[in-house]
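Engineer: output the structure for:
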Amino acid sequence: MMTAVVLIHGTGVREPGFSALAGRVAAGLTQLRGDLRIVPYYWGGTHGAVLGADGASLPPDGGTSRSPDDIPRTEDVWAALYANPYAELAHAAAVAGPETERPPGFVPPEERLRARLTTLAAQGDVPAAELGPGLARAAAELAAHPLLGPAAESLAPDGLAEAAARSLTARIVADALDSDAPLVPVGDVRDAVTDRLAELLGAPPRGTERGVRSLLTRTAGSVASRAVLRRRRALTQAAHPAAGDILRYLSRGAAFRADLRDLVAGLEPPVVLLGHSLGGIIALDTLISEPLPAVRLLVTAGSQGPFLYESGSLPSLEHPEPLPPHVPDWLNLYDPQDLLSHLAEGLFPGRATDIAVHSRQPFPASHSAYWTNPEVYRHIVDRMP
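Structural biologist: As a prediction, the model looks like this:
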């Protein structure tokens, strides 16, 4: 009797990609064991997400009534600073000229700034309270930062103060973004706080135009965010199958599971369900929902099923309820570099086995590298009935 392996694909997979995937999986498994029958479950063609009104929900390219070229360049500057709050100082340091001999008694301009930063740190978070916590820590760290000296070679004292103020502001906002804070200030508030900090650090009072005079405006003056806005429709239409598939399954997953049950019902045992990513969730949910005696092994690869269960989001089982006794042995393969893979063994002791596989690819490539990894096929065949 041949073992039937039902292949359940993940998000965003459509033809002809699915046929190529099924062929690769079939070759990888049958090379190690010849008595296998690969049965594809291509749910993407029947249940996969589509933009039913051809993208009517998407704003026009640019996301604004203005021409994308009119979008203020400050968005680009702050995007660079949120990614690296020291970016402007690093650029100033990089373009600094060679060091020159200093006269006796010369006080480097950065020393005045370091003293002001130390004083600012002692005031706590109050001077930037609108941005949330973090000013005191950011000011103390910037005061000790090695970039201040080289940056001062390229910037006038008030320019150095302004750059430091932008760095502090960006650090506070970036920390809030990293911690998933529910509130982030609008640009007007951000710029007002930045002006206030710049004055506390020695810059002369000026209007709110200070925020756009960054070196990054001329160098990183990047078109990145504007390009993303211009391409929003194309990017969304390209990405929507993957994101839409997940949302569609979580809201209308019964049809996915019903078709999988019907497919399994027509197969002779033993049956193995092999699911990647969302395919693993579909397989797990289907097995939990009702017994499928023909299925003797569940294999998931790069799947989020354990995470959905622990977070209370798995449709068929709510944490901390245990797996029903009728769920078969579960082999869960994960790549430590795959941020979309999760562990099941600790949640279901004695019922699931986690095995790490290593594609040597960074994320997100690691999420799609399971089926070209010989290690994956060896582990699956070793556990098969």
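Engineer: helix or strand: which one has N332?
Structural biologist: Counting by DSSP states H and E, the element that carries N332 is strand 329-334.
Engineer: and that strand, which strands flank it?
Structural biologist: Sheet pairing for strand 329-334, assigned by DSSP bridges, gives strand 295-301 (parallel), strand 352-356 (parallel).
Engineer: for it, buried residues please.
Structural biologist: Neighbour-count burial for strand 329-334 flags W330, L331, N332, L333, Y334 (criterion: 16 or more other Cβ atoms under 10 Å). C-beta: built from backbone N, CA, C; applies to glycine.
Engineer: kindly report the same for stretch 30-40.
Structural biologist: Under 16+ other Cβ under 10 Å, the buried positions of stretch 30-40 are T30, L36, I38, V39, P40.
Engineer: from those residues, which land in strands?
Structural biologist: L36, I38, V39, P40 (DSSP state E).
Engineer: so which of the strands paired with strand 329-334 is the most surrounded?
Structural biologist: Mean neighbour counts were taken over the strands paired with strand 329-334 using mean count of other Cβ atoms under 10 Å, and the top value, a mean of 24, falls to strand 295-301.
Engineer: residues contacting it, please?
Structural biologist: 264, 269-277, 279-280, 283-284, 287, 327-334, 341, 344, 357, 370, 376, 380, 383-385 (Cβ atoms under 8 Å, 6 or more residues apart in numbering).
Engineer: let's see it at 7 Å
Structural biologist: 264, 269-276, 280, 283-284, 287, 328-333, 370, 376, 380, 383-385 (Cβ atoms under 7 Å, 6 or more residues apart in numbering).
Engineer: by contact count, what packs against the next helix-or-strand element following it?
Structural biologist: Using DSSP H and E, the helix or strand that follows strand 295-301 in sequence is helix 305-310. Other helices and strands packing on helix 305-310, by 3 or more Cβ pairs under 7 Å, 6 or more residues apart in numbering; DSSP states H and E, are helix 278-289.
Engineer: how far does the helix it packs on sit from the chain's center?
Structural biologist: Centre-to-centre, helix 278-289 and its host chain are 24 Å apart (Cα atoms, centre = their mean, to the nearest Å).
Engineer: can I get that helix in PDB, CA atoms only?
Structural biologist: Once non-C-alpha atoms are left out, helix 278-289 reads as follows in PDB (Å, rounded to 0.1, in the frame of the first residue of the first chain):
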ATOM      1  CA  LEU A 278      -0.700  28.700   6.100                       C
ATOM      2  CA  GLY A 279      -1.000  25.200   4.700                       C
ATOM      3  CA  GLY A 280       0.200  23.900   8.100                       C
ATOM      4  CA  ILE A 281      -2.500  25.900   9.800                       C
ATOM      5  CA  ILE A 282      -5.100  24.600   7.500                       C
ATOM      6  CA  ALA A 283      -3.900  21.000   8.100                       C
ATOM      7  CA  LEU A 284      -3.800  21.400  11.900                       C
ATOM      8  CA  ASP A 285      -7.200  23.100  12.000                       C
ATOM      9  CA  THR A 286      -8.800  20.400   9.900                       C
ATOM     10  CA  LEU A 287      -7.400  17.600  12.000                       C
ATOM     11  CA  ILE A 288      -8.500  19.200  15.200                       C
ATOM     12  CA  SER A 289     -12.000  19.900  14.000                       C
END
